[in-house]
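Q: Everything below, folded, please.
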Amino acid sequence: MLLDPNSILILFALGLFAGVVNTLAGGGSLVTLPVLILFLGLDEATANGTNRLMVISAALVASYGYRSKGIATHPWGLYFGIAATFGAIIGARIAIDIDGDTFKRFLAIIMITVGIIIVFRSKSIASLDLPERLSGRYLMGGLIGFFFIGVYGGFLQAGVGIIIMLLLTQLNRMDLLRTNSVKAFSVFIYSIAAVLIFALDGKILWMVGFWMVIGSIIGAWLSSRWSVKKGDKVIRITLLIMVSYMAVKLWMDTFSS
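A: This is a model prediction of the structure:
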């Protein structure tokens, strides 16, 4: 796919915005995915697959960042990532095979639901200061949970970080730093499988994804240094407004196609 300068600028700006949103509030895919479908004309599966390049790069950068600060994920990030990989293969395959209109309706519902959660969720998701539970039935529960997280992540991805944080803090009692570190590494692991599934089916536009990735990295870097008070609240409200508009447009588009 040949890109003209205007398209490159749009993709870069889209990635930049997503990088800011992901850093300050979460849920950047709630914006990028419908824009790729509604305004850039990509079919649903190709938009979904192309968007994964931004997801996997962000997870890799975040994982490296936590590792460089000495926050350990081994072996739990690997265990949970492998469990999620089996689910991601199933989820990605469903995403490729599902009817386009059905996908749009599902995406519209998820966008509104996750958007509301992101705006109104408490910042304190951490568990009490209790010993971690990473053996026996708690480890098995985490592995099963990550398998189903992988199914959803392979299918759509948007908002998966919130589910992972709830699972690890409430079931396995990890503190927030460890949770975020394990989350980043496990998402990176299962995203490799998801990207491969989409790529083998020809559902990734590499240059489109490349410019979004560059924009998102710069957006994440800039927003991580953004010290404006309550800046994250502004982003969350803006995100909900945009998501609500695009969710309605996605839903209505299924009746005109």
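
Q: Could you check how far residue 154 is from residue 102?
A: From residue 154 across to residue 102, the span is 17 Å (C-beta to C-beta, to the nearest Å). Heads up, the C-betas are built off the backbone N, CA and C, glycines and all.

Q: swap that for residue 5, please
A: Residue 5 is 36 Å from residue 102, by C-beta to C-beta.

Q: So what's the residue count around residue 75?
A: For residue 75, the count of nearby residues is 10 (other C-beta atoms under 10 Å).

Q: Give me the phi and psi angles of it.
A: As for residue 75, its main-chain torsions (degrees, to the nearest 10) stand at phi -100, psi 0.

Q: For the chain, which segments count as strands?
A: Read by DSSP state E, the chain holds no strands at all.

Q: what about it, any weak spots by pLDDT?
A: Counting by pLDDT under 70, the chain shows low-confidence ranges at 1-2, 24-25, 122-129, 224-232, 257.

Q: returning to that earlier point: pick out whichever of residue 154 and residue 102 has more residues nearby.
A: Counting neighbours by other C-beta under 10 Å for residue 154 and for residue 102 shows that residue 154 has the greater number, 31 against 11.

Q: Contacts only, for that one.
A: 87-95, 190, 193-194, 197 (C-beta atoms under 8 Å, 6 or more residues apart in numbering).

Q: go with 6 Å
A: Applying C-beta atoms under 6 Å, 6 or more residues apart in numbering to residue 154 gives the contacts 88, 91-92, 194.

Q: quick one: which of those sit in helices?
A: 88, 91-92, 194 (DSSP state H).

Q: Could you export those as JSON lines, including neighbour count and distance to residue 243?
A: Output for the ones in helices among the contacts of residue 154, formatted as JSON lines (neighbours: other C-beta atoms under 10 Å; distance: C-beta to C-beta, whole Å):
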{"residue": "88", "neighbour count": "31", "distance to residue 243": "24"}
{"residue": "91", "neighbour count": "25", "distance to residue 243": "21"}
{"residue": "92", "neighbour count": "32", "distance to residue 243": "23"}
{"residue": "194", "neighbour count": "29", "distance to residue 243": "22"}
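
Q: returning to that earlier point: would TSV of the contacts of residue 154 with distance to residue 214 be doable?
A: Listed next are these as TSV, based on distance: C-beta to C-beta, whole Å:
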residue	distance to residue 214
88	25
91	27
92	24
194	21
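
Q: Kindly indicate which of the residues you listed lies nearest residue 106.
A: Closest approach between the contacts of residue 154 and residue 106, by C-beta to C-beta: residue 91, at 12.1 Å.
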